[in-house]
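>>> Return a 3D structure for these sequence lines:
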Amino acid sequence: MTAVDAKAGNGSKKEVVGEIVQDQNVPLFSGAVKHGNTLYIAGKGAHFEGDIKSHTDHVLKELEKELVKNGSSMEKVLKVNVYLHDLEDYKGMNEVYRGRFGKNPPVRTTVAVYGGVPGNSLVEIDCIAALD
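Numbering: from 1, shown residues only. Next up, the predicted model:
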């Protein structure tokens, strides 16, 4: 874990709480960042052979692990972005996604990305959650 002191206008600090992904030994992005009472989790993908349902299940379980590790939960997620390799997978993704965030699901944006999701995943999901 690495902490980064980057003061925001309100005096709170950004804290990198997830892995920092390197590209040619230069920081590329952080896996998770806390700022105030908010947790931001970078996109998670499924980099193995499988269908949209197995990929979606894997990705949601990885998001949940990161949320719990950092003091949040699926029920505290405020915003989700879903990136699909193929819009034809929308229905199958929804079948697995449905109910995973409790009775009051977060707002969500879902798009199919031109050229596919990096790492040959059929889906990538990121989220923003409360820490209260």
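>>> can you tell me which residues contact F101?
Residues in contact with F101, defined by Cβ atoms under 8 Å, 6 or more residues apart in numbering, are 74-75, 77, 80. C-beta: built from backbone N, CA, C; applies to glycine.
>>> Of those, which is the most crowded?
In terms of neighbour count, V77 stands highest of these at 25 neighbours, by other Cβ atoms under 10 Å.
>>> So for the helix of greatest length in the chain, mean pLDDT?
Scanning the chain for the helix with the most residues, using DSSP state H, yields helix 52-69. The predicted model gives helix 52-69 an average pLDDT of 97.
>>> continuing past it, what's the next helix or strand?
strand 77-84 (DSSP states H and E).
>>> Report the angle between the helix or strand following that following strand and helix 52-69.
Sequence order places helix 90-97 as the next helix or strand after strand 77-84, per DSSP H and E. Between helix 90-97 and helix 52-69, the angle comes out at 40 degrees (axes from the mean of the first three to the mean of the last three Cα atoms, to 10 degrees).
>>> got the angle between helix 90-97 and strand 77-84?
Using the same axes, to 10 degrees: helix 90-97 against strand 77-84 is 140 degrees.
>>> Many thanks, we can stop here.
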